[in-house]
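S.K.: Could you look at this predicted model? Sequence included:
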Amino acid sequence: MRVIKLDKTKLVEYLRSLEEWGEVWGPVRKGEKFVFAKKDPSEFDLTARRTILPPKKFFVPPRFTMFSYRDGRWEEEFDESRRIIFGLHPCDIFGILILDRLFMEHYPDPYYIKRRKNTAILGFSCLPDEKCFCIATNTHSVEEGFDLFFSDVEGEFYLVWVGSSLGDDLTRIREDLFDEDVTEEDIERYIEWRRKRDKMFKTDLDLTGMPEIVEISYKRPIWEKIGEACLSCGSCSMVCPTCNCYNVVDENVFYEERIKRDRHWDSCMFKEYSLVAGGHNFREKRSDRLKLFYTHKLTGFMSQFGKPACVGCGRCVDACPVGINVPNVAKALKGEKVDAIWARGEE
Amino acid sequence: MNPYEMQRARIVRIYRLTDDVKFFQVRPYMGTEVCELNYRPGQFMMISLPGIGEAPFSISSTPSRPGLYEFCIRKVGRLTEKIFELKENAVIWLRGPYGNGFPVEQMEGHDLLIIMGGLGAAPLRSLLLYALDNRELFGKIYLLHGARTPDDMLFREEFLELMHRDDLVCLLTVDRDDTGRWPAYTGVVTELFRYVKGIDPKNTYAAVCGPPVMYKFVVEKLVELQIPKNQILMTLERRMKCGIGKCGHCAIEYIYTCLDGPVFTYWDVLHMKELI
Amino acid sequence: MKINIMPLARVEGEGGIYVEMEDERVKEVRMDIYEGPRLIETVVLGKRPDDVISIVTRICSICSTSHRLASVRGFERAGGVEVPEKIRLLRKLVHYGEYIESHSLHYYLLALPDFFGYPDAISMAEKYGDLVLGGLELKKFGNFIMETINGKAIHGENIRIGYMGRIPEKDALEHIKSRALALIPVIEDGIMAFPAMEIPDYMEEETNFICLVPEDDGFGFIGNTIITSKGERFDVEEYKKVTNERVVPHSFAKRSSYAGSPFTVGALARVNILGERLPGKAGDFFRRLWSERWKRNPLFNNLAQAIEILFCLEQIPPLVDRILSLPDPELKEPEVKEGEGTGAVEAPRGTLYHHYKVENGRTVECDIITPTAQNLDDMEKYLRRAAENLVKNPPEDFELRLELIPRAYDPCISCSVHMLRVKVKK
Amino acid sequence: MKPKVGFYELTGCAGDMLNMLNCEDQLLSLFDVVEVKSFAMASSAHDEDTELDIAFVEGSVSTEENLHLLKRVREKSKILVAVGHCAIFGGVQISENNWEERLKKVYGDVNFIHTRPIPHEPLGMFVRVDAVIPGCPINKHQFLSAAGKLLLGTMPELYSFAVCAECKWKENECLLMKGKICLGPITRGGCGAICPTHNIPCIGCFGPVEEENVSSEYKLLLEKGYSPEELRNRMKIFGGKVREVK
Ligand SMILES: Cc1cc2nc3c(=O)[nH]c(=O)nc-3n(C[C@H](O)[C@H](O)[C@H](O)COP(=O)(O)OP(=O)(O)OC[C@H]3O[C@@H](n4cnc5c(N)ncnc54)[C@H](O)[C@@H]3O)c2cc1C
Ligand code: SF4
Ligand code: SF4
Ligand code: SF4
């Protein structure tokens, strides 16, 4: 992989120059949190931690139209915009890699593929906060899935990994800003930075052996207890970078003389999710739904991937009002102490 | 190719099977000649009407009789109600076929026990007709079919005809017969197992489909008969929005009913806590 | 002869007109209100002020912003809460939005069809498409302003006691400004459509008018002083002196009279009392169109509304500029623990009072007086006069001619159904 | 043939009817594809004799006259749609008890001549309701979507999940996590999570979501320092009679 350097003071200028390729999006502050927004690169916050929604919103927006039906014919509707997303952290890139397998292999989904192909991924290194546990899911370092990856190793330069042919093209837009000369000192500094970063994780989460533990815990009463607290609000699914469930609905846009077929995000935490004809519900109880969610996050994802789908970004920690999240559930299953409303003594 | 894209099709003929189930013969628009339709028994298709929605339906016909798809549809909600209102020649939209279907190649050379209840007749009729059309490929064939009353029995006339054939044993039962003219058995479907004789369990495939409550009792009987657990096949129903392993609704633990099913073996079921 | 019109169409809420005549004598005239009572003022007792402001807007959809403004002002006066300038101006803007929406709905879609002889605006649209579409554009713009500033066009929640949840974005405000400028010609055409028609005079009679004196002494809709057409002034805390409510058996809405005689509030009252203060083109139209008949004939309320729409549109651009020139204030929620106060605003239909008493952070008294409730006596008075004048020679469209009168008031009946006064001490 | 449609108001603020009129860009097409038989708020034309395909009814039943009208509308309509919170759950007016006492306090002993007030109830207490469009007021996009489905002769398909989902779609900071009484998790979605998008906690105006977990949210908020009385008051405003708050 080509590794080059960019003078830190030139980052904004470089990102602006990319507007000739597509819209430039990056992390900006929203209250105490962050979101990916289309703003001038000078407004991007390089200290950003996890954004409220993961980058999946670029590839499968919360709600979009797949087809329009007019005059007896269905027409596909595609989002053709080209986007550059700057500031993805390794966990987010892992999240995209999982979605890629889901949407791009086996019945490739053209809506996803179109958006994915029109999007450049510019990763950015990060330092963990108290909610990050990507070190436990082993998603804190990323080798693929990006076009460029910027590492801030605390010097005057960013080290830039060029991860794809598109990434290479993007560096050529302003070749003059990059420096090919990565020195021994730079490499040492990078290795030192990694060491420091890894030491900064505050999580004591250990996910080794989790699949077996989840498997054997299927009937344990702890699920009922968690289920009692769960609000079925679905926030956990909405913010999870690897939750991909959706619903399909038709709408009669009579005032435009067309019918559209839309897709919108859904969640296995909703009661209706597993309801079938005749009113039978395969996951009537909240605890049943939580089990499905955590089976996906902690044991296997899809039979063909056989890999847990949690990437350790900490968004569920940020989103669940009652403290049901991967670290808490995993710890509770392992019998460790958990600070959450459902884990408190009596009732 | 957009896997969500639908194909235009025409309803050729409609038969009423029971008060709330109709049978539809559907021909895709593909030029004028009779077309080869490429599917396996046990597979399903997504049927849609613009503005109303889309839902999965098992194919009831057999690929051994080309030209038409047949569906057996029960009126339960928005889409199915609208499909019920359609007349012959109406246009509907299809995509598929999807799902694994029955492993017919593996089943060849075996005895077959086909056990259906209620709407379970829809996918299993496909398998049954397939086996009858390729009769020489299979050993003994038993059909066990249960319904509440004679009026509720899907494909009643068609199956009553089969009782006269000597190359299969067709056992039909109803829970209750108020007509007094029911020519076959009364009682629940599991009682029909009494009449299942002379099969070689190790060399038998059983296929079961029916309402969720039926599986438990039928499977017990099949296990009693000592049919290997991986030769007991069942087709399952889940909510589905895409049919192609993306929307997540049909997930059972980490597998997808639409890709890895809807046909599962009892062995699979034993290993998946949520299956039935 | 008895005339019973129910339900009264193209008004908000359920009401009817009952007129009984014997020979050529009018025996009884009633504005019947049978919109069910919701007892909202009793629902709010014991609740936190921030719950109360959400509940009371539900009294009425079409005046929900005015109710919101009057209620937050009531609590702010009770608790001595200061409102940052920028938020004060945004409230003014959202209020203009409500005026534009409410007035254009009434003027174009509910009132004009009467004058052009159609049952509704939709049928009128076939021949007067431009007029109806213009009205819809204005209405949409009014809604856009309310959505932008208050979150929703109806029962928005962004306006809070002493603060607001989110300050609207600059782009949205700029858009409001440019739309306002673009729509001025639309309302000018709308105003011109009206005087072309003959205004009947069968109900004309002198009356009293009451409105608020705007805070900044120009023309406007928010203030703390009540003024009557006789020139008397009262502080809003003395609102009961002018409203004097009473209960009548044919109505779930209470009645008001001032010094024993009925009065009118609303656009016509404001324009009759303060019209000289109207600036710009709105002022020009006022001077060109106004006549002494406006003091006797409620049908001119329609025209007064149209002039007010123009006034609002003209005020918006400079107001937006002022808002944008101010820095965002700190957004934090003040607590109203104790106190008593009255908040008043001019709703599109007239003066609206919200009076509250708060103890220990809970609302213990609530009194809301809505404009339509104040207008009902005057509507009856005009109906009686009309019936008396028409009964001698009953015209074919007798009913329509009667219906015109309450409709001209743009009555908001759901909102007028309320209680007199409750005092519940915990 | 165009479907025959009627719009009726019982006791409420007329906000749902008004929000239908607020569909300015679609209004003319809507009135083009249906035959409006009755819409008191917008039109004088009213034909009460024809059978209706669809009746939209707003407001709670709060007088004998309301009840009478509702029954008449039900009889002559194929599909009756309850629009808005008052019609579905009873409205804010249903949130407190002692109705008779409060009525007396307000009106004294006046004997009303037209119709007697009765304690507020949602439509479903008296007649079959075929579909609902929730909200206080309804959301106009949901109304158009429901109308579109009804025009095709099928039932509306609205969001059945809580406000939080759309709140996340809008990428809002969670106010409940910040310690505010946000009723998003127990409130049916479809409004576009407008209030949290404006940093205002949801007060629940779309009514209880089908599977609300009131006790968990209640417990959570108690832990955050709110009093039972405050929580009860807030949760009752739009809770109708279905929400149980201890
Ligand atoms: C693999 C498979 C094969 C099927 N084969 C047949 C068949 O041959 N004949 C037949 O009549 N039915 C079959 N079904 C069931 C059929 O898909 C549902 O009856 C149909 O979706 C109902 O649609 P609706 O719009 O009429 O109902 P709705 O108005 O959507 O809802 C009515 C009920 O159906 C449930 N439902 C809605 N969508 C689905 C869905 N996609 N999958 C399952 N349940 C749903 C709802 O939860 C509700 O309880 C099959 C289902 C599956 C998964
Ligand atoms: S686990 Fe938490 S975030 Fe997920 S649905 Fe339950 S309460 Fe909501
Ligand atoms: S702010 Fe309210 S609506 Fe939004 S996610 Fe949090 S609890 Fe749900
Ligand atoms: S966020 Fe809650 S209170 Fe606000 S509009 Fe939506 S449902 Fe109503």
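M.R.: Here it is on my side, so go on. Ligands and ions are numbered 1, 2, ... in the order given.
S.K.: Give me the three-state assignment for residue 205.
M.R.: In the absence of a named chain, this looks at chain A. The local conformation at A:Leu205, judged by DSSP: H, G, I helix; E, B strand; the rest coil, is coil.
S.K.: please go with chain B instead
M.R.: Quick answer, by three-state DSSP: B:Tyr205 is strand.
S.K.: and it, what is it in contact with?
M.R.: If you count contacts by CB atoms under 8 Å, 6 or more residues apart in numbering or on different chains, B:Tyr205 has them with B:106-107, B:110-113, B:227, B:231-233. Every C-beta, even on glycine, is put in place using the N, C-alpha and C of the backbone.
S.K.: what do you get if the cut-off is 6 Å, keeping everything else the same?
M.R.: Applying CB atoms under 6 Å, 6 or more residues apart in numbering or on different chains to B:Tyr205 gives the contacts B:107, B:110, B:112, B:231.
S.K.: ok, D:Asp16 - how many residues close by?
M.R.: The local packing of D:Asp16 (other CB atoms under 10 Å in any protein chain shown) involves 30 other residues.
S.K.: which residue sits closest to it, ignoring its sequence neighbours?
M.R.: Nearest residue to D:Asp16, sequence neighbours excluded (CB to CB, 6 or more residues apart in numbering or on different chains): D:Gly84, at 3.7 Å.
S.K.: Can you give me the pLDDT of the one you found?
M.R.: Per-residue confidence (pLDDT) for D:Gly84: 95.
S.K.: Equivalent analysis for D:Ser44, please.
M.R.: On the pLDDT scale, D:Ser44 is placed at 66.
S.K.: Equivalent analysis for A:Thr139, please.
M.R.: The model's pLDDT for A:Thr139 equals 86.
S.K.: Provide the secondary structure category for it.
M.R.: Secondary structure of A:Thr139, per three-state DSSP, is coil.
S.K.: That one: neighbour count?
M.R.: So A:Thr139, with other CB under 10 Å, has 23 neighbours.
S.K.: Convert the helix or strand bottoming out on mean pLDDT in chain D to PDB, retaining C-alpha atoms only.
M.R.: One helix or strand of chain D scores below all others by mean pLDDT, DSSP states H and E: helix D:99-107, with a mean of 74. Extracted in PDB, the C-alpha atoms of helix D:99-107 (Å, rounded to 0.1, in the frame of the first residue of the first chain):
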ATOM      1  CA  TRP D  99     -65.600  15.400  34.800                       C
ATOM      2  CA  GLU D 100     -69.000  16.200  36.400                       C
ATOM      3  CA  GLU D 101     -67.500  18.200  39.200                       C
ATOM      4  CA  ARG D 102     -65.400  20.200  36.800                       C
ATOM      5  CA  LEU D 103     -68.300  20.700  34.400                       C
ATOM      6  CA  LYS D 104     -70.300  22.200  37.300                       C
ATOM      7  CA  LYS D 105     -67.400  24.400  38.300                       C
ATOM      8  CA  VAL D 106     -67.300  25.800  34.800                       C
ATOM      9  CA  TYR D 107     -70.900  26.200  33.900                       C
END
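S.K.: show me where pLDDT drops low in chain D?
M.R.: Applying pLDDT under 70 to chain D flags residues D:41-45, D:107-115.
S.K.: Please, where are all the helices along it?
M.R.: D:15-21, D:24-33, D:64-76, D:85-89, D:99-107, D:140-151, D:163-169, D:194-197, D:214-223, D:228-237 (DSSP state H).
S.K.: and if you look at chain B?
M.R.: With DSSP H, the ranges of helices along chain B come out as B:78-85, B:104-107, B:121-133, B:156-162, B:212-224, B:257-260, B:266-271.
S.K.: Make TSV from those and add mean neighbour count, mean pLDDT and distance to chain D to it.
M.R.: Below are the helices of chain B laid out as TSV (neighbours: other CB atoms under 10 Å in any protein chain shown; pLDDT from 0 to 100; distance: least, CB to the nearest CB, whole Å):
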stretch	mean neighbour count	mean pLDDT	distance to chain D
helix B:78-85	18	94	5
helix B:104-107	15	89	38
helix B:121-133	24	92	23
helix B:156-162	16	87	30
helix B:212-224	17	86	21
helix B:257-260	23	84	21
helix B:266-271	16	84	28
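S.K.: hang on, the earlier thing: most packed of the helices of chain D?
M.R.: Neighbour counts (mean count of other CB atoms under 10 Å in any protein chain shown) averaged over each of those peak at helix D:85-89, with a mean of 31.
S.K.: can you tell me if that one touches chain C.
M.R.: No. Helix D:85-89 is not in contact with chain C by CB under 6 Å from any CB of the partner chain; minimum separation 8.6 Å.
S.K.: what's next to that helix, contact-wise?
M.R.: The list of residues contacting helix D:85-89 from outside it, by CB under 6 Å, 6+ apart, reads D:12, D:57-60, D:82, D:91, D:122-123, D:132, D:134, D:136, D:207, D:240.
S.K.: wait, which of these is closest to B:Leu124?
M.R.: D:Val132 (39.0 Å; CB to CB).
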